[in-house]
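>>> Here is my input; please provide its structure:
(one chain, ligands or ions: 1)
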Amino acid sequence: MSDPVLADLTTLRVGGPATRLLTATTTDELVAHVTDAWDDDEWLVLGGGSNVLVADDGFDGTVVLVRTTGIDHDADADGVTVRVAAGEPWDAFVASTVDNGWTGLEALSGIPGTVGAAPVQNIGAYGVELSDVLTRVEFLDAATGERAWVTAAELALGYRTSTLKHGRRGAVLTVEFRLGTATEAGVPVRYAQLAGSLGVELGSLVAPSTVRAEVLRLRGSKGMVLDADDPDTWSAGSFFTNPIVSRQFADTLPFEAPRWPAGDDVKLSAAWLIEQAGVHRGYAVPGSRAAISSKHTLALTNRGGATAAQVAELARYVQVTVLNRFGVSLVPEPVVVGDLLG
Ligand SMILES: Cc1cc2nc3c(=O)[nH]c(=O)nc-3n(C[C@H](O)[C@H](O)[C@H](O)COP(=O)(O)OP(=O)(O)OC[C@H]3O[C@@H](n4cnc5c(N)ncnc54)[C@H](O)[C@@H]3O)c2cc1C
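Modelled structure (predicted):
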């Protein structure tokens, strides 16, 4: 039997073979597979493969594919506590919360991947982050071998970051959320573009199902909902995070550069910087099958037949162009597996 090819398991559709692939369909199996795998030199836990860039020479180690299922909940007068197995598909779970009248996740509709990966980079969209509703995760810790609940505070969740993304090795087995229950008034809209497209003021209350439908429509128009027939969605979503710089540095940028407060610092728009540096939607390095999405400047896409090296080349081109024009270093958002971006 030939080695499993990771391009088949990632939304960027690139990545060479793994030495061994183990699929976990129950939490006990996930614990057993990861424990077995960490005896190898190299191991990788993989969910939906929607936030990874895997090198063309693949992964010389064991990949544990998380396909566990199961959702349970306890309701009380103030809301509902929901525990979800790591392998549950994120968006199907969000859809079920909206159907059940549970609130807090509707703005995170349409994000690909699994529930277990959501805390890794504290997923966020349309004014909401996972940290708004995450209470704790059940975690198998590779450093100690222990299986225990870890609170959200201990994960140090920040903008597209957590301890899970940076150093804390192991497997998220279960994720626990604290959600609200729908009132007739609805949920507040916390993102200006979403409020605008709904035709309401920022902060207005809107039915969760309406928020979900509009978020899916907006995301679809940007190629941010997976579609097997649309290469604009063959990506890892936004390839670069929005850079956070000092106020002093932000003052050196053109007045019209979009900026938002980020504590004592300032968050810039990576998409604006890329566009203004002269890299436009649809751009591809000549001869390459990797290109900027035609619908979203921040998405690096595979137009069919791209290699990981081509995606990395495009990423470096964007980084160098923005650095030369504005002096800002763009940081890739996906987890890079292999030696690709230096
Ligand atoms: C079209 C598109 C749109 C996107 N839009 C958004 C968006 O709006 N907001 C956003 O934040 N992200 C977005 N993303 C990125 C991505 O969908 C999320 O980061 C998602 O949570 C990744 O889930 P996954 O299961 O695919 O993770 P994978 O890509 O499989 O893994 C990502 C990382 O998490 C680790 N990991 C996965 N599962 C586990 C586990 N159970 N335990 C421990 N570690 C684990 C992996 O080892 C890897 O390091 C988008 C991606 C695409 C392709």
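
>>> Name the nearest residue to residue 193, ignoring sequence neighbours.
residue 218 (7.1 Å; CB to CB, 6 or more residues apart in numbering). Quick note: C-beta positions are derived from backbone N, CA and C, even for glycine.

>>> close to the ligand, is the strand or helix carrying that neighbour?
Residue 218 is part of helix 208-221, with elements assigned from DSSP states H and E. No - using CB under 6 Å from any ligand atom, helix 208-221 stays clear of the ligand, coming no nearer than 7.2 Å.

>>> what's that helix packed up against?
Applying 3 or more CB pairs under 8 Å, 6 or more residues apart in numbering; DSSP states H and E, one finds that helix 208-221 contacts helix 90-100, helix 192-198.

>>> which residues touch the first one?
Contact with helix 90-100 is made by 48, 71, 80, 82, 84, 103-106, 108-115, 117-118, 123, 179, 208-209, 212, as judged by CB atoms under 8 Å, 6 or more residues apart in numbering.

>>> mind listing what's buried in the helix holding residue 218?
By neighbour count with 16 or more other CB atoms under 10 Å, helix 208-221 contains the buried residues 208, 210, 211, 212, 214, 215, 216, 218, 219.

>>> Can you tell me what sits against the next helix or strand after that helix?
Under the assignment DSSP H and E, the closest C-terminal helix or strand after helix 208-221 is strand 244-245. If you take CB under 8 Å, 6+ apart as the criterion, strand 244-245 is touched by 159, 262, 265, 266, 267, 268, 328.

>>> Strand partners (parallel or antiparallel) of strand 244-245?
Strand 244-245 has its sheet partners listed here by DSSP bridges as strand 265-268 (antiparallel).

>>> Relative to the longest strand seen in the chain, what are the paired strands and their orientations?
Using DSSP state E, we find that the single longest strand of the chain is strand 170-181. Note on strand 170-181: by DSSP bridges, its sheet partners are strand 79-85 (antiparallel), strand 102-103 (antiparallel), strand 134-141 (antiparallel).

>>> And the next helix or strand past it?
Next along from strand 170-181, by DSSP H and E: strand 187-188.

>>> tell me what the lengthiest helix in the chain is packed against?
When the chain is parsed with DSSP state H, its longest helix is helix 308-326. Other helices and strands packing on helix 308-326, by 3+ CB pairs under 8 Å, 6+ apart, are strand 52-54, helix 270-276, strand 290-292, strand 300-302.

>>> how about the residues of the stretch 101-250 of the chain near the ligand?
111-114, 116-118, 120-121, 123-125, 164, 171-172, 224, 226, 233, 235-237.

>>> Now with 5 Å, please.
111-114, 116-118, 120-121, 123, 125, 171-172, 224, 237 (CB under 5 Å from any ligand atom).

>>> How about residues contacting stretch 39-46?
With CB under 8 Å, 6+ apart, stretch 39-46 has contacts from 6, 9, 18, 20, 34, 37, 52, 59-66, 116, 171, 337.

>>> from these, which would you call buried?
Buried residues within the contacts of stretch 39-46, defined by neighbour count using 16+ other CB under 10 Å: 6, 9, 18, 20, 34, 37, 52, 59, 61-66, 116, 171, 337.

>>> neighbours of residue 152, just the number please.
22 (other CB atoms under 10 Å).

>>> Is it in contact with residue 133, as I believe?
No - using CB atoms under 8 Å, residue 152 and residue 133 do not qualify as a contacting pair, with a distance of 9.2 Å.

>>> Would you mind putting the helices and strands packed on helix 308-326 into JSON lines with mean pLDDT and distance to residue 308 alongside?
As requested, these are exported to JSON lines (pLDDT from 0 to 100; distance: least, CB to CB, whole Å):
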{"stretch": "strand 52-54", "mean pLDDT": "98", "distance to residue 308": "6"}
{"stretch": "helix 270-276", "mean pLDDT": "98", "distance to residue 308": "20"}
{"stretch": "strand 290-292", "mean pLDDT": "98", "distance to residue 308": "9"}
{"stretch": "strand 300-302", "mean pLDDT": "98", "distance to residue 308": "9"}
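
>>> So for the ligand, which of these sits nearest?
strand 52-54 (4.3 Å; CB to the nearest ligand atom).

>>> residues in contact with whichever helix or strand comes after that closest one?
Next along the chain after strand 52-54, taking DSSP H and E as the criterion, comes strand 59-66. The contact list for strand 59-66 (CB under 8 Å, 6+ apart) reads 4, 6, 9, 15-24, 30, 33-34, 36-37, 40-47, 86-87, 114, 116-117, 171, 337-338.

>>> Output the next helix or strand after strand 59-66 as CSV, nothing but the C-alphas.
Counting by DSSP H and E, the element after strand 59-66 in chain order, helix or strand, is strand 71-76. Provided in CSV are the C-alpha atoms of strand 71-76 (Å, rounded to 0.1, in the frame of the first residue of the first chain):
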residue,chain,number,x,y,z
ILE,A,71,-22.0,16.3,21.5
ASP,A,72,-23.7,16.6,24.9
HIS,A,73,-25.0,19.5,26.9
ASP,A,74,-26.5,20.7,30.2
ALA,A,75,-29.0,23.6,30.2
ASP,A,76,-29.8,25.8,33.1
